[in-house]
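# what follows is a predicted structure for the sequence shown.
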Amino acid sequence: MHIKNTNTSPVQGAVLATIAALFMSVLMAIAKKLPEEIPSSLVIFIRSLFVLLFSLPLLMRNPRGSLRSNQYLLHGLQIVLGVCATLCTYYTYRQLPVTLATSLGMTGALFTTLLSVL
């Protein structure tokens with residue numbers, strides 16, 4: 001498989017990471033303002049529907065190549081861990097003050113860097 005060089009710059013990556021952090025903060029502020037009667041699982045379901053809606057054009061462009069894999073067990077584990085992480089994140093943001101929850105969320109890059117050495 002040949003990977004195309006798209007000539008992306010570090011500045012573009014930093015801008016996209018900043019935009020992603022901004023959107024995540026907005027999502028969590030909205031989740032914090034929702035009534036307690038709405039469960040976190042429903043909020044995550046609706047969020048996932050929007051992600052699917054925006055991902056469909058990418059999947060439709062190359063439907064066979066986008067999801068082809070022989071690592072079904074690892075993909076299943078990735079799905080389970082991703083859902084658990086999302087549930088924990090939304091639960092945390094709904095229970096803690098927004099500033100503390102955002103601070104904890106921003107430490108993810110630190111832990112990723114430290115654990116990448118292993």
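The structure has been received and is ready for your questions. Residues are numbered from 1 along each chain as shown.

# and the helix or strand containing residue 24, how far out from the chain's middle?
Residue 24 is part of helix 10-33, with elements assigned from DSSP states H and E. Distance of helix 10-33 from the chain centroid (C-alpha atoms, centre = their mean, to the nearest Å) equals 10 Å.

# before we move on, what about stretch 71-78?
17 Å.

# for the most centrally placed residue in the chain, give me its contacts.
Nearest residue to the geometric centre of the chain (C-alpha atoms, centre = their mean): residue 86, 7.5 Å. Listed by C-beta atoms under 8 Å, 6 or more residues apart in numbering, the contact set of residue 86 reads 44, 47. Any C-beta I mention is one placed from the backbone N, CA and C, and that applies to glycine too.

# how does it look with 7 Å?
Contact analysis of residue 86 by C-beta atoms under 7 Å, 6 or more residues apart in numbering lists residue 44.

# per-residue confidence for it?
Residue 86 carries a pLDDT value of 87.

# helix/strand/coil for it?
helix (DSSP: H, G, I helix; E, B strand; the rest coil).

# tilt between the strand or helix carrying residue 112 and helix 10-33?
Assessed by DSSP H and E, residue 112 sits inside helix 108-116. Orientation check (axes from the mean of the first three to the mean of the last three C-alpha atoms, to 10 degrees): helix 108-116 against helix 10-33 gives 120 degrees.

# mind giving me the packing neighbours of helix 108-116?
Using 3 or more C-beta pairs under 7 Å, 6 or more residues apart in numbering; DSSP states H and E as the contact test, no helix or strand touches helix 108-116.

# tell me how far it lies from the chain's centre.
With C-alpha atoms, centre = their mean, you get 16 Å for helix 108-116.
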